[in-house]
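Peer 1: quick one, what's the 3D model for this:
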Amino acid sequence: MATTTLAPYLTQQFFNNGGTFNAGGFLQTFAGGTNTPIATFTDSTGLTSNTNPIVLNARGECSIWLLPNTSYKFVLQDPAGNTIWTRDNVTNAQLLTLFGGIDSGAANSYILNFASPFTSYVNGEVIYFIPSNSNTGPSTLNVNGLGVIPITNINGTALGANQIIAGQTTEVMFFNGAFQLISIGSFSGSTIGTFGQEVPLASAATVDLGTAPAHVVLITGTTTITSFGASASLSAPIYIGRFSGVLTLTFNAVSLLLPGNASIVTTSGDSFIAQYLGSGNWRVAFYQFSASGNSGNQKIKPADTVQVSNTVLTADPDLQTNTLAVGRYAYELMLLFDCVAAGAGFQFQNDGTAVDSRALSPVVETGFVNAAADGPKQSTFYAAPISYATVSTAANSNQVIYKGSLLVSTPGTFGIKWAQVVSTASSTTLRAGSYLNLTLFNTGTSANIVQHVYQTPGSFLETIPVGFNTLTLELWGGSGGGGARFISGPIIAGGGGGGSGGYCRSSIVVTGFGGSTINFTVGVAGVAAGISGGNSTVTSGTFVIASPPVAGGGTTGANATAGNAPGAGGGGGTAAGGTATNTPGNSGTAGINNSGGGEGGTGAFGIPGINGGGNAGGNGAGIVLIGLQGGPGIIIFSYSP
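Peer 2: Below is the predicted model of the structure:
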């Protein structure tokens, strides 16, 4: 017996509420369940759309052809616009099934023999199929021999590798001459970004993240990694991963960019987020250490370390970097230490294997030390150990901040070693929270990087080196000192904290001016008893500075006064003349009244720059009589080809 179907109602006819022809009435068409108009067509070609609403003829008739497998809502109205009825979610199911079967083509060239009466490509047609091969790049689909059609992402771009995975259900929709990839399996194709089940990948020189359809990986083993491969898609470039063991993730300035611009030694449980940049190049945008919280060039002590009866400088295991690449680094070191007995003292020096162009190892240039134990001073870090006599045995009462720059020509490590000043059984402790932070701001050897850092107050002459095109000039004014306390009976009023200096930055063309000179002045540090920080300035020498920059000094914190009035915080220094930026300094905080022990205001934080940061203002006096000194100004001349 033959299979038959009911003939469709060939011409639609509609009636009004009185049962007569709805002559001149209206039929509105919307997407199912919405009030969004959607087109119908005058004939089977689908080339001519009906008006919307459709105006019915004298017999209440119209010709309506619908998009297949599309849900419609119809609203019938009389000629006056009164609604007669609404019919929603009406669908013309042209296809018997949306499943196209298993493709019989090859990778990137997919072929389907669809069981449904699929005779033409029409906008909105949706097909599910099982690919026999994963794609390796741009791909096509041919259904029932109707022609080869490109498969694209929803935005029209060509597919990347592994957006179609062998054996995983794939959904496409035909629209305007292409099959758009809607989804694949559970977590791939154009919907990548939802992520899915973690996929293990063994460590190797190249760990190809693009082979993980769900974009979530667990990297196992201990083999050094130099690449994340080149099969990932630019249309879905984000991957999440973690490590199960210790290995080296190798920094490369082009193909594997890492936080801190240095290689990372992983630990079990570390996690990362990586972005594919194309052509085998990757950027690790985020790296999280699981235990210590330390990255390759940013170290912080997780716990106290104690030394007794020991004056031999010993490398601190928590404050050592990974291998530094060739280039120029800015660094900051903060040490919190205390001793059971004042006589034990504390000393430290640099440590590591990095070498600079002067064959100095370890490699450190002159930096600035600000120690609460004995006030600001200049020091050449690599020349000799730096020692401090402890002035207080209270925990974390003694602080050392060291700033400077490194110029590495031979890769190696950098860190600190420390011991007691005097051998004694009374313990000296380097406290948790001490840190070492390095930032690579220019790669290359000493032949193409030159930076001159000046932190000694006074007026000097800078000579432009030969062979450079650009000078990045940065100035910070000196920071103000802290204000003094005032005592009246049991009440102590604290002095205000000093303000930090202003900051200027300029970018100056120096092509052909090698050997020319520039005049400059580094501002003095503000001290207690009402002395503000000095201005840092740069002016013309034989080389003309068109816009002379001035980084003003921070104002000293005010002294507390009679009547137990705490001192106000000092204002930040002004800034003018920089062609790139002029940033005023920060203000210090006011002192506080306390019975039995006043609190001095906190000195303002220094303004950060590209190649370093300004010095903080001095803290106001609380328990001690006078406030702490501020820091001197800083001027950095950084030359690049």
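Peer 1: what's the longest strand in this structure?
Peer 2: Of all segments of type strand in the chain, defined using DSSP state E, the longest is strand 327-339.
Peer 1: neighbours of S279, how many?
Peer 2: 9 (other C-beta atoms under 10 Å). In short, each C-beta sits where N, CA and C put it, glycine included.
Peer 1: thought it was touching G229?
Peer 2: No. At 11.3 Å, S279 does not count as touching G229 under the criterion of C-beta atoms under 8 Å.
Peer 1: pull the distance from stretch 255-266 to the chain's centre.
Peer 2: Between the centre of stretch 255-266 and the centre of its host chain there is 14 Å, according to C-alpha atoms, centre = their mean, to the nearest Å.
Peer 1: so which residues make contact with that stretch?
Peer 2: 226-228, 243, 245-251, 253, 280-284, 286-287, 295-298, 321-325, 327, 438-440, 443 (C-beta atoms under 8 Å, 6 or more residues apart in numbering).
Peer 1: give me the phi and psi for L27.
Peer 2: L27 has phi and psi values of phi -130, psi 110 when expressed as degrees, to the nearest 10.
Peer 1: around the closest residue to it other than its chain neighbours, how many other residues sit close by?
Peer 2: Among residues not flanking L27 along the chain, I54 sits closest, at 4.5 Å (C-beta to C-beta, 6 or more residues apart in numbering). The number of residues packed near I54 is 21, by other C-beta under 10 Å.
Peer 1: from F74, how far out is I54?
Peer 2: The gap separating I54 from F74 is 10 Å, by C-beta to C-beta, to the nearest Å.
Peer 1: is S547 within a helix or a strand, and which one?
Peer 2: Under DSSP states H and E, no helix or strand contains S547.
Peer 1: what mean pLDDT does stretch 626-641 have?
Peer 2: Average pLDDT, stretch 626-641: 85.
Peer 1: check stretch 123-143 too.
Peer 2: For stretch 123-143, the per-residue pLDDT averages 90.
Peer 1: tabulate the CA atom coordinates of it in PDB.
Peer 2: Listed next in PDB are the C-alpha coordinates belonging to stretch 123-143 (Å, rounded to 0.1, in the frame of the first residue of the first chain):
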ATOM      1  CA  ASN A 123      18.100  30.100   4.900                       C
ATOM      2  CA  GLY A 124      17.400  28.600   8.300                       C
ATOM      3  CA  GLU A 125      17.900  25.000   7.500                       C
ATOM      4  CA  VAL A 126      19.500  23.200  10.500                       C
ATOM      5  CA  ILE A 127      21.400  19.900  10.300                       C
ATOM      6  CA  TYR A 128      23.000  17.700  12.900                       C
ATOM      7  CA  PHE A 129      25.600  15.200  11.700                       C
ATOM      8  CA  ILE A 130      28.500  13.100  12.900                       C
ATOM      9  CA  PRO A 131      31.800  14.000  11.300                       C
ATOM     10  CA  SER A 132      34.200  11.100  10.500                       C
ATOM     11  CA  ASN A 133      37.300  13.300  10.800                       C
ATOM     12  CA  SER A 134      38.400  16.400  12.800                       C
ATOM     13  CA  ASN A 135      39.100  19.500  10.800                       C
ATOM     14  CA  THR A 136      42.500  21.000  10.500                       C
ATOM     15  CA  GLY A 137      41.400  24.400   9.100                       C
ATOM     16  CA  PRO A 138      38.800  26.000   6.800                       C
ATOM     17  CA  SER A 139      36.100  23.400   5.900                       C
ATOM     18  CA  THR A 140      33.100  22.700   3.600                       C
ATOM     19  CA  LEU A 141      29.900  20.700   3.600                       C
ATOM     20  CA  ASN A 142      28.100  19.100   0.600                       C
ATOM     21  CA  VAL A 143      24.500  17.900   1.300                       C
END
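Peer 1: need the overlap of contacts for I54 and F74.
Peer 2: Common neighbours of I54 and F74 (C-beta under 8 Å, 6+ apart) are L27, Q28, T29.
Peer 1: neighbour-wise, give me the winner out of these.
Peer 2: The shared contacts of I54 and F74, ranked by neighbours (other C-beta under 10 Å): first place L27, 23 neighbours.
Peer 1: so what's it bridging to?
Peer 2: Taking DSSP bridges as the rule, L27 bridges to I54, L76.
Peer 1: was I right about it contacting L56?
Peer 2: Yes. Applying C-beta under 8 Å, one finds L27 in contact with L56, separated by 6.6 Å.
Peer 1: okay, and the common contacts of these two?
Peer 2: F14, C62.
Peer 1: is there a quick PyMOL command that grabs whichever of the contacts of stretch 255-266 are buried?
Peer 2: Of the contacts of stretch 255-266, the buried ones can be selected in PyMOL as follows, counting by 16 or more other C-beta atoms under 10 Å:
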select buried, resi 226+227+228+243+247+248+249+250+251+280+281+282+283+284+287+295+296+297+298+321+322+323+324+325+327+438+439+440
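Peer 1: the strands in the stretch 151-300 of the chain, which residues?
Peer 2: 170-175, 178-184, 199-202, 216-220, 238-243, 248-249, 256-257, 264-265, 271-278, 281-288, 298-300 (DSSP state E, counting those that start in this stretch).
Peer 1: can you list those in CSV and add mean pLDDT and distance to N153?
Peer 2: As requested, these are exported to CSV (pLDDT from 0 to 100; distance: least, C-beta to C-beta, whole Å):
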stretch, mean pLDDT, distance to N153
strand 170-175, 90, 11
strand 178-184, 81, 6
strand 199-202, 89, 22
strand 216-220, 92, 21
strand 238-243, 92, 15
strand 248-249, 88, 30
strand 256-257, 91, 26
strand 264-265, 79, 33
strand 271-278, 91, 15
strand 281-288, 89, 21
strand 298-300, 81, 38
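Peer 1: for stretch 142-158, buried residues please.
Peer 2: N142, V143, N144, I149, I151, T152, N153, A158.
Peer 1: so what's G210 up against?
Peer 2: G210 touches A161, N162, G229, A230, S231, A232, S233, Y276, counting by C-beta under 8 Å, 6+ apart.
Peer 1: try it again with 7 Å
Peer 2: A161, N162, G229, S231, A232 (C-beta atoms under 7 Å, 6 or more residues apart in numbering).
Peer 1: give me the low-pLDDT residue ranges for the stretch 201-350 of the chain?
Peer 2: 260, 290-296, 325-328, 342-343 (pLDDT under 70).
Peer 1: repeat the analysis, applying 80 as the threshold.
Peer 2: 213-214, 233-235, 260-263, 265, 267, 289-298, 322-331, 340-345, 349-350 (pLDDT under 80).
Peer 1: and the residue nearest to I84 when sequence neighbours are not counted, how close does it get to L56?
Peer 2: In this structure, I84 finds its nearest non-sequential neighbour in L76, 4.5 Å apart by C-beta to C-beta, 6+ apart. Applying C-beta to C-beta, the value for L76 to L56 is 9 Å.
Peer 1: do G630 as well
Peer 2: 88 Å.
Peer 1: hey, where'd the helices end up in the stretch 251-400 of the chain?
Peer 2: Applying DSSP state H, counting those that start in this stretch to the stretch 251-400 of the chain gives no helices.
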